[in-house]
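> Any chance you can model this:
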Amino acid sequence: MSSAVSLALLVGGIVLVVAGAELFFEGLLAAAARFGVSAFALTVLVSGFELENLVAGIAANANGLPNAAAGTFLGGTTFLALGVAGMGAVVAPLRTRLPWAVILWTAAAPLPLLALALDGDVSRLDGGILLAWFAAAVTGLWRSGRGLVGGGEPKRKRFVLLRVVVGLAVLTVAGEMLGEGIRRVVSRFGVSETLLGNTAIAASVEAEEVARVATPARRGRADVALGNIVGTIAHFIAFNAGVIALVRPLELDSDSRWLHVPVAAGSPILLAGLLAWRGGLSRTTGACLLALYAGYVAASIAVSV
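From the prediction side, this is the model:
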(Lines give C-alpha, C1' and ligand atoms only; values in the text may rest on other atoms or scores of the structure.)
Protein backbone atom coordinates (compact mmCIF):
# COMPACT_ATOMS: atom_id res chain seq x y z
CA MET A 1 0.00 0.00 0.00
CA SER A 2 1.42 3.41 -0.99
CA SER A 3 2.07 6.19 1.48
CA ALA A 4 -0.61 8.31 -0.20
CA VAL A 5 -3.25 5.63 0.29
CA SER A 6 -2.19 5.08 3.90
CA LEU A 7 -2.44 8.81 4.54
CA ALA A 8 -5.87 8.90 2.88
CA LEU A 9 -7.04 6.10 5.16
CA LEU A 10 -5.86 7.98 8.24
CA VAL A 11 -7.39 11.32 7.22
CA GLY A 12 -10.63 9.74 6.02
CA GLY A 13 -10.87 7.75 9.23
CA ILE A 14 -10.44 10.85 11.36
CA VAL A 15 -13.15 12.74 9.43
CA LEU A 16 -15.59 9.83 9.73
CA VAL A 17 -14.78 9.36 13.42
CA VAL A 18 -15.80 12.95 14.18
CA ALA A 19 -18.97 12.72 12.07
CA GLY A 20 -19.96 9.35 13.51
CA ALA A 21 -19.35 10.47 17.10
CA GLU A 22 -21.61 13.49 16.66
CA LEU A 23 -24.38 11.39 15.11
CA PHE A 24 -24.09 8.68 17.75
CA PHE A 25 -24.16 11.23 20.60
CA GLU A 26 -27.22 13.04 19.23
CA GLY A 27 -29.03 9.75 18.67
CA LEU A 28 -28.14 8.44 22.11
CA LEU A 29 -29.49 11.50 23.91
CA ALA A 30 -32.64 11.45 21.80
CA ALA A 31 -33.16 7.73 22.45
CA ALA A 32 -32.72 8.23 26.20
CA ALA A 33 -35.29 11.03 26.14
CA ARG A 34 -37.71 9.06 23.97
CA PHE A 35 -37.64 5.95 26.18
CA GLY A 36 -37.36 7.79 29.48
CA VAL A 37 -34.07 6.22 30.57
CA SER A 38 -30.80 7.66 31.78
CA ALA A 39 -28.40 8.55 28.96
CA PHE A 40 -25.58 7.22 31.17
CA ALA A 41 -27.28 3.85 31.64
CA LEU A 42 -28.10 3.53 27.93
CA THR A 43 -24.51 4.40 27.02
CA VAL A 44 -23.18 1.73 29.39
CA LEU A 45 -25.39 -0.85 27.69
CA VAL A 46 -24.64 -0.10 24.02
CA SER A 47 -21.21 1.53 23.91
CA GLY A 48 -19.07 -1.57 24.36
CA PHE A 49 -20.53 -3.77 21.62
CA GLU A 50 -17.70 -3.08 19.20
CA LEU A 51 -17.45 -5.89 16.69
CA GLU A 52 -14.17 -4.66 15.26
CA ASN A 53 -12.38 -5.24 18.58
CA LEU A 54 -13.96 -8.64 19.16
CA VAL A 55 -13.37 -9.83 15.59
CA ALA A 56 -9.74 -8.66 15.71
CA GLY A 57 -9.19 -10.73 18.86
CA ILE A 58 -10.89 -13.84 17.51
CA ALA A 59 -8.98 -13.62 14.22
CA ALA A 60 -5.62 -13.14 15.93
CA ASN A 61 -6.23 -16.12 18.22
CA ALA A 62 -7.40 -18.31 15.32
CA ASN A 63 -4.15 -17.50 13.50
CA GLY A 64 -1.99 -18.68 16.39
CA LEU A 65 -1.38 -15.24 17.95
CA PRO A 66 -2.95 -15.62 21.42
CA ASN A 67 -1.02 -12.75 22.99
CA ALA A 68 -2.02 -10.36 20.23
CA ALA A 69 -5.60 -11.56 20.74
CA ALA A 70 -5.37 -10.96 24.47
CA GLY A 71 -3.94 -7.54 23.74
CA THR A 72 -7.20 -6.45 22.11
CA PHE A 73 -8.99 -6.63 25.46
CA LEU A 74 -6.05 -6.12 27.85
CA GLY A 75 -4.40 -3.24 26.00
CA GLY A 76 -7.84 -1.99 24.97
CA THR A 77 -8.92 -1.73 28.61
CA THR A 78 -5.72 0.08 29.57
CA PHE A 79 -6.11 2.46 26.64
CA LEU A 80 -9.70 3.23 27.68
CA ALA A 81 -8.99 3.77 31.38
CA LEU A 82 -5.83 5.84 30.90
CA GLY A 83 -5.57 7.10 27.31
CA VAL A 84 -9.21 7.75 26.40
CA ALA A 85 -10.21 9.02 29.83
CA GLY A 86 -7.12 11.23 29.88
CA MET A 87 -7.72 12.69 26.42
CA GLY A 88 -11.40 13.25 27.16
CA ALA A 89 -10.57 15.18 30.32
CA VAL A 90 -7.94 17.26 28.53
CA VAL A 91 -10.53 18.24 25.89
CA ALA A 92 -13.04 19.25 28.60
CA PRO A 93 -13.02 18.46 32.34
CA LEU A 94 -15.27 15.48 33.11
CA ARG A 95 -17.04 16.86 36.17
CA THR A 96 -19.88 14.66 37.38
CA ARG A 97 -20.49 12.78 40.60
CA LEU A 98 -21.12 9.15 39.69
CA PRO A 99 -23.09 6.95 42.12
CA TRP A 100 -20.90 4.95 44.46
CA ALA A 101 -22.26 1.67 43.10
CA VAL A 102 -21.12 2.63 39.57
CA ILE A 103 -17.63 3.36 40.87
CA LEU A 104 -17.48 0.06 42.74
CA TRP A 105 -18.67 -1.93 39.70
CA THR A 106 -16.04 -0.18 37.57
CA ALA A 107 -13.29 -1.09 40.03
CA ALA A 108 -14.52 -4.68 40.33
CA ALA A 109 -14.95 -5.28 36.57
CA PRO A 110 -11.38 -6.54 35.87
CA LEU A 111 -10.90 -8.63 39.03
CA PRO A 112 -12.21 -12.00 37.72
CA LEU A 113 -9.96 -11.83 34.65
CA LEU A 114 -7.00 -10.95 36.87
CA ALA A 115 -7.65 -14.04 39.00
CA LEU A 116 -8.21 -16.33 36.02
CA ALA A 117 -5.34 -15.15 33.80
CA LEU A 118 -2.39 -15.03 36.18
CA ASP A 119 -1.76 -18.76 35.70
CA GLY A 120 -1.07 -18.03 32.02
CA ASP A 121 -4.12 -19.84 30.67
CA VAL A 122 -7.63 -18.56 29.92
CA SER A 123 -9.64 -21.72 29.25
CA ARG A 124 -13.12 -22.19 27.82
CA LEU A 125 -14.39 -22.65 31.38
CA ASP A 126 -12.77 -19.33 32.28
CA GLY A 127 -14.48 -17.80 29.24
CA GLY A 128 -17.87 -18.99 30.48
CA ILE A 129 -17.18 -17.54 33.93
CA LEU A 130 -16.22 -14.20 32.37
CA LEU A 131 -19.43 -14.07 30.35
CA ALA A 132 -21.50 -14.71 33.49
CA TRP A 133 -19.55 -11.99 35.26
CA PHE A 134 -20.15 -9.62 32.35
CA ALA A 135 -23.92 -10.09 32.68
CA ALA A 136 -23.72 -9.30 36.39
CA ALA A 137 -21.41 -6.29 35.94
CA VAL A 138 -23.42 -4.63 33.16
CA THR A 139 -26.66 -5.23 35.06
CA GLY A 140 -25.07 -3.63 38.11
CA LEU A 141 -23.83 -0.63 36.14
CA TRP A 142 -27.24 -0.21 34.46
CA ARG A 143 -29.19 -0.38 37.72
CA SER A 144 -26.74 1.88 39.51
CA GLY A 145 -26.79 4.53 36.79
CA ARG A 146 -30.54 4.61 36.07
CA GLY A 147 -31.06 7.68 38.22
CA LEU A 148 -28.13 9.67 36.78
CA VAL A 149 -29.68 12.43 34.69
CA GLY A 150 -27.92 15.20 32.75
CA GLY A 151 -29.20 18.28 31.01
CA GLY A 152 -29.26 19.44 27.43
CA GLU A 153 -31.60 16.90 25.84
CA PRO A 154 -32.03 17.44 22.08
CA LYS A 155 -35.20 19.02 20.73
CA ARG A 156 -35.43 16.79 17.63
CA LYS A 157 -36.43 13.25 18.53
CA ARG A 158 -37.32 11.68 15.17
CA PHE A 159 -35.57 8.53 13.94
CA VAL A 160 -33.69 8.20 17.22
CA LEU A 161 -32.76 4.52 16.89
CA LEU A 162 -31.68 5.03 13.31
CA ARG A 163 -29.30 7.79 14.42
CA VAL A 164 -27.75 5.54 17.06
CA VAL A 165 -27.34 2.62 14.63
CA VAL A 166 -25.99 4.78 11.79
CA GLY A 167 -23.64 6.57 14.19
CA LEU A 168 -22.26 3.23 15.43
CA ALA A 169 -21.92 1.99 11.84
CA VAL A 170 -20.00 5.11 10.78
CA LEU A 171 -17.77 4.82 13.85
CA THR A 172 -17.08 1.16 13.06
CA VAL A 173 -16.08 1.90 9.47
CA ALA A 174 -14.05 4.91 10.59
CA GLY A 175 -12.27 2.93 13.28
CA GLU A 176 -11.40 0.20 10.77
CA MET A 177 -10.02 2.74 8.29
CA LEU A 178 -7.98 4.49 10.94
CA GLY A 179 -6.82 1.25 12.50
CA GLU A 180 -5.78 -0.27 9.18
CA GLY A 181 -3.63 2.72 8.39
CA ILE A 182 -1.94 2.63 11.80
CA ARG A 183 -1.45 -1.14 11.81
CA ARG A 184 0.16 -1.17 8.37
CA VAL A 185 2.63 1.48 9.41
CA VAL A 186 3.53 -0.10 12.75
CA SER A 187 3.76 -3.67 11.40
CA ARG A 188 6.71 -2.65 9.21
CA PHE A 189 8.88 -2.31 12.31
CA GLY A 190 8.74 -6.03 13.16
CA VAL A 191 7.58 -5.68 16.78
CA SER A 192 6.44 -8.67 18.87
CA GLU A 193 2.83 -9.87 18.74
CA THR A 194 2.35 -9.10 22.46
CA LEU A 195 3.59 -5.54 22.09
CA LEU A 196 1.64 -5.04 18.87
CA GLY A 197 -1.59 -6.40 20.34
CA ASN A 198 -1.48 -4.42 23.58
CA THR A 199 -0.42 -1.09 22.11
CA ALA A 200 -0.78 -0.43 18.36
CA ILE A 201 -3.69 -2.78 17.63
CA ALA A 202 -5.56 -2.00 20.85
CA ALA A 203 -5.25 1.77 20.39
CA SER A 204 -5.92 1.77 16.65
CA VAL A 205 -9.02 -0.42 16.88
CA GLU A 206 -10.33 1.88 19.63
CA ALA A 207 -9.44 5.14 17.90
CA GLU A 208 -13.09 6.12 17.51
CA GLU A 209 -13.60 5.79 21.27
CA VAL A 210 -11.61 9.01 21.74
CA ALA A 211 -14.17 10.95 19.70
CA ARG A 212 -17.04 9.11 21.37
CA VAL A 213 -15.81 10.42 24.73
CA ALA A 214 -14.50 13.83 23.63
CA THR A 215 -17.74 14.81 21.85
CA PRO A 216 -20.04 14.61 24.90
CA ALA A 217 -17.24 15.97 27.11
CA ARG A 218 -16.95 19.24 25.19
CA ARG A 219 -20.75 19.53 25.07
CA GLY A 220 -21.09 19.35 28.82
CA ARG A 221 -22.24 15.74 29.16
CA ALA A 222 -19.55 14.22 31.33
CA ASP A 223 -22.01 11.50 32.40
CA VAL A 224 -22.29 10.21 28.83
CA ALA A 225 -18.52 10.45 28.29
CA LEU A 226 -17.82 8.42 31.43
CA GLY A 227 -20.63 6.00 30.58
CA ASN A 228 -18.81 5.23 27.33
CA ILE A 229 -15.61 4.48 29.22
CA VAL A 230 -16.93 2.36 32.09
CA GLY A 231 -19.38 0.48 29.86
CA THR A 232 -16.74 -0.37 27.26
CA ILE A 233 -14.28 -1.46 29.96
CA ALA A 234 -16.82 -3.98 31.26
CA HIS A 235 -17.44 -5.25 27.73
CA PHE A 236 -13.75 -5.64 26.92
CA ILE A 237 -12.47 -7.12 30.16
CA ALA A 238 -15.31 -9.63 30.55
CA PHE A 239 -17.45 -10.09 27.40
CA ASN A 240 -14.74 -9.89 24.73
CA ALA A 241 -12.25 -11.85 26.84
CA GLY A 242 -14.88 -14.51 27.51
CA VAL A 243 -15.99 -14.90 23.89
CA ILE A 244 -12.41 -15.07 22.56
CA ALA A 245 -11.52 -17.74 25.15
CA LEU A 246 -14.66 -19.74 24.34
CA VAL A 247 -13.77 -19.79 20.64
CA ARG A 248 -10.23 -20.87 21.43
CA PRO A 249 -8.44 -20.96 24.82
CA LEU A 250 -5.67 -18.43 25.33
CA GLU A 251 -2.14 -19.22 26.44
CA LEU A 252 -0.41 -16.08 27.68
CA ASP A 253 3.31 -15.39 27.68
CA SER A 254 5.21 -13.88 30.62
CA ASP A 255 4.90 -10.29 29.33
CA SER A 256 1.12 -10.63 29.21
CA ARG A 257 0.92 -12.29 32.64
CA TRP A 258 3.19 -9.96 34.56
CA LEU A 259 2.69 -6.64 32.78
CA HIS A 260 -0.39 -6.40 30.58
CA VAL A 261 -2.84 -8.32 32.77
CA PRO A 262 -2.00 -6.44 36.01
CA VAL A 263 -2.00 -3.05 34.26
CA ALA A 264 -5.33 -3.80 32.53
CA ALA A 265 -6.77 -4.75 35.92
CA GLY A 266 -5.22 -1.84 37.79
CA SER A 267 -6.13 0.92 35.35
CA PRO A 268 -9.93 0.77 35.88
CA ILE A 269 -9.34 0.57 39.64
CA LEU A 270 -7.20 3.71 39.43
CA LEU A 271 -9.84 5.46 37.31
CA ALA A 272 -12.58 4.48 39.75
CA GLY A 273 -10.50 5.78 42.65
CA LEU A 274 -9.96 9.13 40.94
CA LEU A 275 -13.66 9.46 40.16
CA ALA A 276 -14.52 8.70 43.78
CA TRP A 277 -11.88 11.05 45.17
CA ARG A 278 -12.15 13.97 42.77
CA GLY A 279 -15.78 13.73 41.67
CA GLY A 280 -14.68 13.64 38.05
CA LEU A 281 -11.51 14.26 36.05
CA SER A 282 -9.84 17.66 35.65
CA ARG A 283 -7.54 18.59 32.79
CA THR A 284 -4.55 18.13 35.10
CA THR A 285 -5.74 14.68 36.09
CA GLY A 286 -6.32 13.86 32.44
CA ALA A 287 -2.77 14.88 31.60
CA CYS A 288 -1.49 12.64 34.40
CA LEU A 289 -3.47 9.70 33.03
CA LEU A 290 -1.96 10.30 29.59
CA ALA A 291 1.51 10.36 31.15
CA LEU A 292 0.78 7.04 32.85
CA TYR A 293 -0.33 5.57 29.53
CA ALA A 294 2.85 6.80 27.88
CA GLY A 295 4.81 5.15 30.70
CA TYR A 296 2.93 1.89 30.12
CA VAL A 297 3.76 1.96 26.40
CA ALA A 298 7.41 2.63 27.24
CA ALA A 299 7.45 -0.29 29.67
CA SER A 300 5.80 -2.52 27.06
CA ILE A 301 8.53 -1.67 24.56
CA ALA A 302 11.26 -2.19 27.15
CA VAL A 303 10.13 -5.68 28.18
CA SER A 304 9.67 -6.79 24.57
CA VAL A 305 13.21 -5.95 23.53
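> which one is V243 nearest to, not counting chain neighbours?
On the basis of C-beta to C-beta, 6 or more residues apart in numbering, the spatially nearest residue to V243 that is not a chain neighbour turns out to be L54, at 6.2 Å. No exception for glycine: its C-beta is placed from N, CA and C like everyone else's.
> Just to be sure, the one you found is in a helix?
Yes. Per DSSP: H, G, I helix; E, B strand; the rest coil, L54 lies within a helix segment.
> okay, it: pLDDT?
For L54, the model assigns a pLDDT of 75.
> wait, it sits on N240?
Yes. Here L54 reaches N240: they are 5.1 Å apart, a contact under C-beta atoms under 8 Å.
> More neighbours: which of these two?
N240 (27 against 22; other C-beta atoms under 10 Å).
> so who does F73 touch?
When contacts are counted by C-beta atoms under 8 Å, 6 or more residues apart in numbering, F73 touches 53, 57, 236-237, 240-241, 244, 264.
> Just name the closest of these to L289, please.
A264 (14.6 Å; C-beta to C-beta).
> so that closest one is in which element?
Element membership for A264 (DSSP states H and E) is helix 261-278.
> Now do the buried residues in that helix.
By neighbour count on 16 or more other C-beta atoms under 10 Å, the buried set for helix 261-278 is 261-265, 267-272, 274-276.
> All the helices of the stretch 201-305 of the chain, residue numbers only.
For the stretch 201-305 of the chain, helices defined by DSSP state H, counting those that start in this stretch occupy the ranges 202-205, 207-218, 222-234, 241-247, 254-255, 261-278, 283-304.
> closest to L113 out of those?
helix 241-247 (5.6 Å).
> Does anything pack onto that closest one? Which helices or strands?
The contact analysis (3 or more C-beta pairs under 8 Å, 6 or more residues apart in numbering; DSSP states H and E) places helix 241-247 against helix 51-62, helix 66-78, helix 124-145.
> Make a markdown table out of those helices and add distance to A117.
A markdown table is the format used below for the helices and strands packed on helix 241-247 (distance: least, C-beta to C-beta, whole Å):
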| stretch | distance to A117 |
| --- | --- |
| helix 51-62 | 14 |
| helix 66-78 | 8 |
| helix 124-145 | 8 |
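> Now do the residue nearest to V243 against A62, distance only.
L54 is 12 Å from A62, where distance means C-beta to C-beta, to the nearest Å.
> any weak-confidence spans in the stretch 201-305 of the chain?
Residue ranges of the stretch 201-305 of the chain with pLDDT under 70: 201, 204-208.
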